[in-house]
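In: Structure for the following, please:
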Amino acid sequence: MKRRRTSLALIGAAASAAVLLALWPHARDAAALLQARDDPAQLSDLKLNSALRNRELVADNIDAALAAGDADLAGSFVELAREKDISLDDEQTRRVADAVTEANSSTHLAKNFATGLVTGKADDVASLSGTVAGDLFVFGDIRDVVREGKHLAMGEETDRLILGLATAGLAVTAATYVSLGGATPLRAGLSLVKDARKVGRLGEGLAEWAGRSARDVVDTPMLQHAVAGGSLLRPTQTVSAISAAFRAEKAGALVRLAKDVGRVGERAGVRAAQDTLKIADGPKDVARAARLAAAKGGKTRAILKILGRGALLLTGGLIDLTLWIFSALLALFGVLSSIKATSERATQAWLDRRKAKRLRLQMVAAAVSAG
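Out: Just a heads-up that it's a prediction; the model follows:
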């Protein structure tokens, strides 16, 4: 019976060890992800290591980006491939280099700058430069404030976010001139958020948050008075009147968002900032994206393309990760408990044998003495 119990304990230890070995890789990865949950760069690296086990993923995305005419994204994937030691076909690499060269040609840059200046839409660095230039000359922001301000005055549907961003933009533009360009990243961030709102590239959750944040940024009566007397033909007077309606003390959260967007654009490019605005569910996501861009630079777009919002935070897997770790701990407990039980029973069996041996020797000695 004792041998049977010892054997069962040994079987339990072996079974628990086998389960632990099977669970260990998952538990180890889960623990690493949980530890990196507040570091977007480290978190994205861990997730990429898993995603890039499919070595064709990068090449397929490069082909798709080239087919869509997105040289910037294709170049981002090439940078990621270099970092992860993923070999690419020479012909594919050459096509990416040619596409990037064409996108950076003087003719293309001049065309996009003019497009951004006239339309206020930013798709790359050149068009963003045009958009920011237009906003620095205040015409774009005045146009948006006057249009949305008139809607507000007439009781019509008003885009409060565009109104708040444009009003903040006019105030920031004045600060940009005063600081000799020191506020340009913020100015660029405001332009990017405003552009994303206009063309529907702002994520739903972020749009709702930004809309709520923008409602108190503007003093409505003062703005209505400024709009009534404003004109693009009198930009200086109009800017002064509209800027007076801007409540700087209420705009802290919106300004922080624009700064983070500007940082993403500076480190990873305009389109990376646009991708961030599209997937972000709130300002914390954008702040994390700014940290990711600071660490990954030009590779940021490729990372966001592969992982989406999962590059910025743990999404929907916290319970699963915790269960992997808990299961591994249970298996470890089973191994240790089985080893303890086996040791105790083996020790008890050895003690019982020693005791029985001593008893036999005593009985033999007693028999000899009696004889």
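
In: so who does residue 86 touch?
Out: 52, 55, 58, 80 (CB atoms under 8 Å, 6 or more residues apart in numbering). Bear in mind the C-beta positions are built from the backbone N, C-alpha and C, glycine included.

In: 6 Å instead, please
Out: residue 58 (CB atoms under 6 Å, 6 or more residues apart in numbering).

In: Could you tell me whether it really is in a helix?
Out: No. Counting by DSSP: H, G, I helix; E, B strand; the rest coil, residue 86 is not found in a helix; it is coil.

In: What about residue 140, how many residues nearby?
Out: Counted with other CB atoms under 10 Å, the neighbours of residue 140 add up to 26.

In: Counting by contacts, list what the helix or strand hosting it packs against.
Out: Under the criterion of DSSP states H and E, residue 140 resides in helix 139-153. If contacts are counted by 3 or more CB pairs under 6 Å, 6 or more residues apart in numbering; DSSP states H and E, helix 139-153 sits against helix 160-178, helix 220-229.

In: Report the mean per-residue pLDDT for it.
Out: Helix 139-153 shows a mean pLDDT of 75.

In: quick one: low-confidence ranges for the stretch 251-371 of the chain?
Out: Counting by pLDDT under 70, the stretch 251-371 of the chain has low-confidence residues at 315-332, 334-335, 338, 341-342, 344-346, 348-349, 370-371.

In: Would you state the helices of it in chain order?
Out: Assigned by DSSP state H, counting those that start in this stretch, the stretch 251-371 of the chain shows helices spanning 252-268, 270-279, 283-296, 300-307, 318-370.

In: orientation of the third one relative to helix 270-279 in degrees?
Out: Helix 283-296 and helix 270-279 meet at an angle of 150 degrees, taking axes from the mean of the first three to the mean of the last three CA atoms, to 10 degrees as the criterion.

In: and the closest residue to residue 83 other than its chain neighbours, how many neighbours does it have?
Out: Closest residue to residue 83 apart from its sequence neighbours, by CB to CB, 6 or more residues apart in numbering: residue 299 at 6.3 Å. Per other CB under 10 Å, the neighbour tally for residue 299 reads 25.

In: these two touch, right, residue 299 and residue 82?
Out: No. Using CB atoms under 6 Å as the test, residue 299 is too far from residue 82 to be in contact (8.9 Å).

In: hang on, the earlier thing: what residues are up against the residue nearest to residue 83?
Out: By CB under 6 Å, 6+ apart, residue 299 lies in contact with 76, 79-80.

In: circling back: buried stuff in the helix holding residue 140?
Out: Residues of helix 139-153 classed as buried by neighbour count (16 or more other CB atoms under 10 Å): 140-142, 144-149, 151-153.

In: can you redo those residues as a markdown table with distance to residue 204?
Out: Below are the buried residues of helix 139-153 laid out as a markdown table (distance: CB to CB, whole Å):
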| residue | distance to residue 204 |
| --- | --- |
| 140 | 25 |
| 141 | 25 |
| 142 | 29 |
| 144 | 22 |
| 145 | 25 |
| 146 | 28 |
| 147 | 24 |
| 148 | 21 |
| 149 | 26 |
| 151 | 22 |
| 152 | 23 |
| 153 | 28 |
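
In: how about stretch 69-80: buried residues?
Out: Within stretch 69-80, the residues that count as buried by 16+ other CB under 10 Å are 70-80.

In: can you list the residues that contact it?
Out: Contacts of stretch 69-80 (CB under 6 Å, 6+ apart): 58, 61-62, 65-66, 96, 99-100, 103, 271, 298-299, 301-302.

In: Now distance to residue 92 too, for the helices of the stretch 251-371 of the chain, in a markdown table please.
Out: What follows is those, written out as a markdown table (distance: least, CB to CB, whole Å):
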| stretch | distance to residue 92 |
| --- | --- |
| helix 252-268 | 22 |
| helix 270-279 | 20 |
| helix 283-296 | 22 |
| helix 300-307 | 14 |
| helix 318-370 | 36 |
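
In: could I get the ones you listed as TSV with mean neighbour count and distance to residue 91?
Out: Output for the helices of the stretch 251-371 of the chain, formatted as TSV (neighbours: other CB atoms under 10 Å; distance: least, CB to CB, whole Å):
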stretch	mean neighbour count	distance to residue 91
helix 252-268	22	27
helix 270-279	25	25
helix 283-296	22	26
helix 300-307	25	20
helix 318-370	13	41
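
In: right, and those - which one's nearest residue 87?
Out: When the helices of the stretch 251-371 of the chain are compared by CB to CB, helix 300-307 sits nearest residue 87, at 16.0 Å.

In: helices or strands next to that closest one in the packing?
Out: Secondary elements touching helix 300-307 (3+ CB pairs under 6 Å, 6+ apart): helix 40-51, helix 71-83, helix 270-279.

In: how far away is residue 48 from residue 61?
Out: Distance of residue 48 to residue 61, given as CB to CB, to the nearest Å: 12 Å.

In: on that earlier part again, looking at the contacts of residue 299, which is nearest residue 157?
Out: Nearest member of the contacts of residue 299 to residue 157, counting by CB to CB, is residue 76, at 38.0 Å.

In: mind checking how far that closest one is from residue 199?
Out: Distance from residue 76 to residue 199, by CB to CB: 21 Å.

In: And for the closest residue to residue 314 other than its chain neighbours, the neighbour number?
Out: Nearest residue to residue 314, sequence neighbours excluded (CB to CB, 6+ apart): residue 37, at 5.0 Å. Neighbours of residue 37 under the rule other CB under 10 Å: 14.

In: Much appreciated, bye for now.
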